[in-house]
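Engineer: Below is the sequence, then the predicted model.
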Amino acid sequence: MDVFLNHLLSSFSPQHIQTLSWPMRDIYQMSHSGPLLDTVFLAHLSRAIHTFLPGAQINSAIEILLQRLKDAWESYDENDHAIHGEGPRNKRKVGVDAASSLDSGISAISFSLSARVALVVVSSLAMKSVPQTAQGEVGRILSDLKNSFLFHRLTKTFGTIQSRAGSDAWSSQIVAAASLHLLYALDIFHDSFLQTSGYSELWMKISDSLEDDRLLPELTVEIVCIPEYKSCSYL
């Protein structure tokens with residue numbers, strides 16, 4: 001099952017998405033309504049994961065997800081920095097060629113698609129099948145996904161959204177929406193396994209963004225659907 005997940009996530013790589021010749025936003029909309037993210041397919045995937053993924057393979061499945069998400073994020077982040085000339089990675093001129101601009105949006109779409117599959121996986125894991133001796137390691141990996149990865153990237157991404165005009169922040173907004181959706185699933189389905197840290201800075205940035213009328217509808221939905229976190233007082 002973990003091999004299948006690896007192949008499924010590989011199909012969302014920027015290299016595959018870049019072969020499409022449609023406008024960027026059309027690619028985003030069409031890919032999220034395509035056969036691999038169809039509700040029927042995802043329902044079958046969820047049942048298969050819950051039924052056929054052995055407890056002994058849950059660790060490796062989560063690690064595959066985490067690595068794929070990290071790879072997609074790094075691809076997006078590097079291209080985004082190259083285009084906008086921000087931060088220490090600014091080794092190329094602002095306003096690089098159109099192909100690089102395309103890569104930034106494609107990498108963001110790749111992350112969004114990967115996060116959608118990751119959401120299905122983490123919400124379908126049969127945690128009761130994990131051996132008692134392995135539950136601590138599963139909790140560590142999920143906490144790494146939540147705290148070390150999602151919180152850190154969301155804090156950075158919302159900072160980027162606030163610093164740019166609406167159209168320039170499109171890629172960042174779809175990355176943020178996908179990340180929040182995955183964070184929501186982690187808290188709903190695996191809160192008992194997770195240690196929580198790093199809330200305050202993230203919630204401050206999210207709270208500030210609520211006043212921005214340039215937010216994409218999908219990001220606005222994810223923000224207002226965030227459950228009541230322990231340190232979240234603005235909802």
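Structural biologist: Right, received. Where do you want to start? Residues are numbered from 1 along each chain as shown.
Engineer: now the worst-scoring helix or strand of the chain on mean pLDDT, how far from the centre of its chain.
Structural biologist: Least confident element among the helices and strands of the chain, by mean pLDDT, DSSP states H and E: helix 199-209 (a mean of 78). Average the C-alpha atoms of helix 199-209, do the same for its chain, and the two points are 18 Å apart (Cα atoms, centre = their mean, to the nearest Å).
Engineer: what inclination does the helix or strand following that helix have with respect to helix 199-209?
Structural biologist: Next in sequence after helix 199-209, counting helices and strands by DSSP states H and E, comes helix 217-224. Taking axes from the mean of the first three to the mean of the last three Cα atoms, to 10 degrees, one finds helix 217-224 and helix 199-209 inclined to each other by 130 degrees.
Engineer: Gln162: neighbouring residues, count only.
Structural biologist: Residues within reach of Gln162, counting by other Cβ atoms under 10 Å, total 14. The C-beta positions use only the backbone N, C-alpha and C, and glycine is treated the same way.
Engineer: where does it land on pLDDT?
Structural biologist: Looking at Gln162, its pLDDT reads 85.
Engineer: Using the three-state scheme, assign it.
Structural biologist: helix (DSSP: H, G, I helix; E, B strand; the rest coil).
Engineer: Can you name the residues that contact it?
Structural biologist: By Cβ atoms under 8 Å, 6 or more residues apart in numbering, the residues touching Gln162 are 205, 208-209, 212.
Engineer: May I see the buried residues of the least confident helix or strand of the chain?
Structural biologist: 202-203, 205-206, 209 (16 or more other Cβ atoms under 10 Å).
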